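next comes the sequence, and after it the predicted model I'd like to discuss.
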Amino acid sequence: MDRYANAVKRDASTMDAMRGGIRYATVQSYDPTNAAVKVMIQPDGVLSGWVPLPAIGVGANAVIAGPNVGDQVIIGAMEGAGEQYVVLARVFDSVGMPPTSPGTMKPVESGEVGIFGPNGSYLHMAGGQIYASCTTFALTGTLAVTGKITATQDVVAGTISLEQHLHPDVQAGTAKTGAPVSA
């Protein structure tokens with residue numbers, strides 16, 4: 001009877017190992033058109049086929065962050081099959097550490113939200129403030145502001161500089177000048 005029980009345990013263990021389960025993997029390539037990656041499955045060193053990436057939203061409400069080659073991910077086998085995986089999550093590791101926010105000089109803390117991009121661009125919501133930086137912020141649409149706008153450099157509307165504009169038709173006394181024009 002012991003031989004039979006041991007054989008059943010051995011066969012069950014072998015079948016369990018073949019199912020795939022949840023594994024660590026490293027991104028080897030990225031297909032942005034299909035939001036899929038090829039990963040090196042650890043610790044076996046086996047390269048996968050194309051594996052779909054997870055997303056917070058898809059379709060008209062899509063949110064995606066393209067991975068970098070070398071990012072560590074956790075993959076899971078679909079329906080227990082070791083040949084068909086899906087990326088479950090991306091994880092920080094000793095190579096890809098959490099970034100430090102230039103706005104607070106600390107990593108993103110509990111209750112905060114941070115988005116960090118290439119070339120130092122970032123958006124960090126922390127403590128009732130939004131810290132952001134980028135080379136160019138391109139906004140299409142209407143910007144509605146309630147409150148004060150403060151600038152440390154010149155503000156230009158169309159071609160008219162707030163610091164360098166001219167006023168035509170200047171008269172003495174309480175008369176009004178013409179509208180501002182470019183210098």
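Nice, thanks for sending it over.

C-alpha only now, for contacts and for neighbours.
Fine.

quick one: average confidence on stretch 101-110?
Mean per-residue pLDDT for stretch 101-110: 93.

buried set for it?
By 16 or more other CA atoms under 10 Å, the buried positions in stretch 101-110 come out as 101, 102, 103, 107, 108.

just give me the closest of the residues you listed to residue 148.
For these, the minimum distance to residue 148 (CA to CA) is 20.1 Å, reached by residue 103.

surely residue 154 meets residue 161?
Yes. Using CA atoms under 8 Å, residue 154 is in contact with residue 161, at 6.8 Å.

okay, those two: which has more neighbours?
Set residue 154 next to residue 161 and count neighbours by other CA atoms under 10 Å: residue 161 wins out with 16 against 9.

spit out the contact partners of the closest residue to that one other than its chain neighbours.
Spatially, and ignoring its direct neighbours in sequence, residue 161 is nearest to residue 155 (6.0 Å; CA to CA, 6 or more residues apart in numbering). By CA atoms under 8 Å, 6 or more residues apart in numbering, residue 155 lies in contact with 161, 162, 163.

now the strands for this structure?
22-31, 36-41, 46-47, 51-52, 72-77, 85-91, 113-116, 122-126, 129-133, 156-157, 160-161 (DSSP state E).

other residues contacting the fifth one?
Looking back up the chat, that one is strand 72-77. By CA under 8 Å, 6+ apart, strand 72-77 touches 19-27, 83-93, 96.

from residue 116, how far out is residue 124?
Separation of residue 124 from residue 116 (CA to CA, to the nearest Å): 8 Å.

who has more neighbours, those two?
residue 124 (21 against 17).

what pairs with the more buried one across the strands?
Beta bridges link residue 124 to residue 114, residue 131 when assigned by DSSP bridges.

picking up where we left off before, would you format the contacts of residue 155 as CSV with pLDDT included?
Listed next are those as CSV, based on pLDDT from 0 to 100:
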residue, pLDDT
161, 87
162, 85
163, 86
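
check the residue nearest the centre of the chain and give its pLDDT.
In the chain, the residue lying closest to the centroid (CA atoms, centre = their mean) is residue 65, at 4.2 Å. Listed pLDDT for residue 65 reads 86.

count the residues that sit near residue 21.
Neighbours of residue 21 using other CA under 10 Å come to 16.
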